[in-house]
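Asks: Dropping a prediction and its sequence here:
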Amino acid sequence: SVSPDGRYVAFYSSRDLFGFALLVADVHTGRVVKELQGVTSDAHYDQLAFIASAGSWSPDGRKLAFVVYAKGDNEIDILDIGSRRVERRIHLSDVGAVNDPAWSPDGRRIAFSGSRGGISDLYVMDLETGTSRQLTEGRYAEIQPQWSPDGQSIVFVTDRGEGTDFGELRYGPMRLATMNADGSDVRLLPTIGNGKHVDPQFSPDGRSLYFLSDVDGFSDIYRYSIPEKAMYRVTRVATGVSGITQYSPAMSISRATGELLFSVFNKAGYGIRALDSLAARGVPVQPAQPEIAAAVTTDSTAAVGAAIGGSNALGRNPAVAGILPPAAALATSIVNSYLNQPLRGLPPEGTAFALQPYRPRLRLDYLGVPAAGVTFGTYGTSLQGAVAGYFSDELNNRTISAVVQAQGELKDIGASLAYINRERRWNWLTGVSHAPWMSIASGVKDTLLNDGTVPAFQSQLLLQRQYNDEAFAAVAYPISMTRRWEFGTGYQHTSYSSELITETFVDNSLVLRRRDDLPNPPSIQLGRVNAAFVGDHSFFGFVSPVAGGRYRLEVSPVFGTLNFTTGLADYRRYMFKKPVTFAVRGLFFGRFGRNAEDSRLQPLYLGQTTLIRGYDIWNDFNGTECTQTAGSNSCPELDRLIGSRVGVASAELRLPLFGVQQFGILAVPFVPPTELSFFVEGGTAWNKDESPVFKFATRSTERIPVFSAGVSARINLFGFAVGEVFYAYPFQRPDKGAHFGFQLAPGW
């Protein structure tokens, strides 16, 4: 859509690869001067309505009206060009699908096409009062309204005419019509044949109408001179003047200069071309005489003409440019003959049909490849394996997932079963699970046997298990495609098991092996409820999100044996500038309340590699890193990573090193998609009675924040998982220094 002064053009573009954005460019240089709106930048939008609708400038050129999908419905948004902010969102509750907004010359009204009950009609909305009025009614389709320069009439596109017969479900080609601004006196305009006549635009003086037609098989621009009642052809483009579909807007005219801008499909993409007002006058269309047409008609073209419905716009049989070869086969095509006989095969009028209610049946959708095995070792026999099955009905409204996994002894087998129902807008799920967790600690010591006469040593292995049995239920209410509310409840029973395996060796030979059960803490019963507000308008690349953003705000009270409340705030933003993404994250998670720091709860650990890389002390910690403090056996380097509350901030520069031609610096066959990332991240963990000390120091006995920086490579492992190899320097572990690490996890 070109601005009233002819200086700028607003258009939709997918140049960032992830969704469409609304851009404004200089007409004469083609330079993009503003990126106004897009799904990746505004979580309010589900999508921009870029296929069947164009934007419309206000008469003063300061505002732009365009259609978006929001909260599952269409709305008209009015954008202030200067501030790049949407100043008004117009939701039309009494109209369904909305398209083709057109701002009136006086700036007080917007005409648009709207659908109600599956029928498309024209409406006009008063911007001052916010009320809308229906201009047309009936079974005909009316779309693409445009105001005359004086605001007294409206031209639009319709399927009215002799070619439309609702009884036979036959519809004529779309053509142009005009009416008064109040909806009265509808008049069909002349056509130049059986092709479409769409996307009308008044010339600045109101004496001509420009439109698109494909009467010769190519979609080109034509001009209808109202005083002369004559047709002129303006363009002759080999690939045609068109948008994404045959009815998509593809043309706009400057109200000040008469310059014509239009989109052309070329080299597998769309580009914008321009014609000045003189070149846009075109050349006359001269209909051929009937006798001449008859003389040049061949049998094959006549058959094609009969097959597709008569002669073309210029009086000759239709050109076959818009038909896939062989065009002559249309005359003998069984499919085409059936399409031209809409009543053939239908039962007699008044035939009664038996009705049956839809009864969903759950059937197997997917079965994970079963795996099973048995291992034998020093500490006994171990089972290994897993299997997963997913079941759903025909509409995928109901789903059951079942998973069983074994990793250890019989007591280490875990399983989960969940049922999800998406039949209505309130989605809900329920399920049960049994999850065993095991931790291992080991040590050795010297001892004596046979009343202290035989030297020996003992190896001890402590196996501690925690069993979480849970029943849960949750509901989710989607506000839009990008935002939803979640509510849930659950009951969890946690029990413990501890055993000590002791092996005694004399002269490196095993002489005694004992397995003793140890006393366990009492089990825990916990109930919980939770509420969360979730937003996600991100776009995922091969290994991590690369555009848009996501967030989650959640609170969850827990009660029973222990009483506390957890809170979560997680915000992530991905700023994409092809091909690079700059990603930032801020995260807080904490427990609050009377039992928030009970020893029976697993403490929160800041050193997880998914939070801060380089501090995986559980796997690579050396006791020599601990700073000795007088009168204490604590390790400050370890203690500062553990608490009941954690906060994390991260930033990454993501570069798609290997990928595909559209998204990747190097498109190398047989090389898995790989992302190179440069990162800086930091965070702190603390307790209720021990707050962090906010200062940067590499060595300290205080609870200070920890930071790391480095580079990583994330690799898509054949769609099965994402592996990450990183090289991180943890600033608060100077003795460890920079080192490599690995994890199986997609980017945050």
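Replies: Nice, thanks for sending it over.

Asks: for the residue nearest to residue 617 when sequence neighbours are not counted, what are its contacts?
Replies: Excluding the flanking residues, the one nearest residue 617 by C-beta to C-beta, 6 or more residues apart in numbering is residue 607, at 5.3 Å. C-beta: built from backbone N, CA, C; applies to glycine. For residue 607, the contacting residues are 615, 616, 617, 618, 641, by C-beta atoms under 8 Å, 6 or more residues apart in numbering.

Asks: next one: residue 20
Replies: So residue 20 contacts 12, 13, 14, 38, 39, 47, 48, 50 (C-beta under 8 Å, 6+ apart).

Asks: The last one: neighbour count?
Replies: The local packing count at residue 50 equals 23, with neighbours defined by other C-beta atoms under 10 Å.

Asks: My read is that it contacts residue 12, right?
Replies: Yes: using C-beta atoms under 8 Å, residue 50 makes contact with residue 12 at a distance of 3.9 Å.

Asks: still on that earlier bit, using the three-state scheme, assign the residue nearest to residue 617.
Replies: coil (DSSP: H, G, I helix; E, B strand; the rest coil).

Asks: Now it, what are its backbone angles?
Replies: phi -80, psi 10 (degrees, to the nearest 10).

Asks: what's the least confident helix or strand in the protein, going by average pLDDT?
Replies: Sorting the helices and strands of the chain by mean pLDDT, DSSP states H and E puts helix 290-296 at the bottom, at a mean of 36.

Asks: doesn't residue 170 make contact with residue 342?
Replies: Yes: counting by C-beta under 8 Å, residue 170 is a contact partner of residue 342 at 6.4 Å.

Asks: okay, now the nearest residue to residue 732 once chain neighbours are set aside: neighbour count?
Replies: Closest residue in space to residue 732, ignoring its immediate chain neighbours: residue 706 at 4.3 Å, by C-beta to C-beta, 6+ apart. Look at residue 706: counted by other C-beta under 10 Å, it has 22 neighbours.

Asks: show me where the stretch 401-550 of the chain has strands.
Replies: 414-421, 427-449, 454-478, 483-506, 509-517, 524-536, 539-540, 545-560 (DSSP state E, counting those that start in this stretch).

Asks: looking at those strands, which is buried most?
Replies: strand 545-560 (a mean of 19; mean count of other C-beta atoms under 10 Å).

Asks: Name the strands paired with it and say parallel or antiparallel.
Replies: strand 524-536 (antiparallel), strand 539-540 (antiparallel), strand 564-577 (antiparallel) (DSSP bridges).

Asks: On the C-terminal side of the longest one, identify the next helix or strand.
Replies: It refers to strand 564-577. Next along the chain after strand 564-577, taking DSSP states H and E as the criterion, comes strand 580-592.

Asks: Quick one: mean pLDDT over that next one.
Replies: Averaged over strand 580-592, pLDDT sits at 97.

Asks: What is it packed up against?
Replies: strand 545-560, strand 564-577, strand 604-605, strand 645-658 (3 or more C-beta pairs under 8 Å, 6 or more residues apart in numbering; DSSP states H and E).

Asks: Strand partners (parallel or antiparallel) of that strand?
Replies: Here, using DSSP bridges, strand 580-592 pairs with strand 564-577 (antiparallel), strand 645-658 (antiparallel).

Asks: can you dump the C-alpha coordinates of that strand into CSV?
Replies: Output of strand 580-592 as CSV, limited to C-alpha atoms (Å, rounded to 0.1, in the frame of the first residue of the first chain):
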residue,chain,number,x,y,z
VAL,A,580,22.3,-14.0,13.7
THR,A,581,20.2,-14.2,16.9
PHE,A,582,20.9,-12.2,20.1
ALA,A,583,19.2,-14.1,22.9
VAL,A,584,18.7,-12.9,26.5
ARG,A,585,17.1,-14.6,29.5
GLY,A,586,16.2,-13.7,33.0
LEU,A,587,15.0,-16.4,35.4
PHE,A,588,14.0,-16.6,39.1
PHE,A,589,12.9,-19.6,41.0
GLY,A,590,12.4,-19.9,44.7
ARG,A,591,10.7,-21.5,47.7
PHE,A,592,9.1,-19.4,50.4
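
Asks: Now distance to residue 427 too, for the helices and strands packed on strand 580-592, in CSV please.
Replies: Converted to CSV, the helices and strands packed on strand 580-592 look like this (distance: least, C-beta to C-beta, whole Å):
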stretch, distance to residue 427
strand 545-560, 17
strand 564-577, 21
strand 604-605, 30
strand 645-658, 30
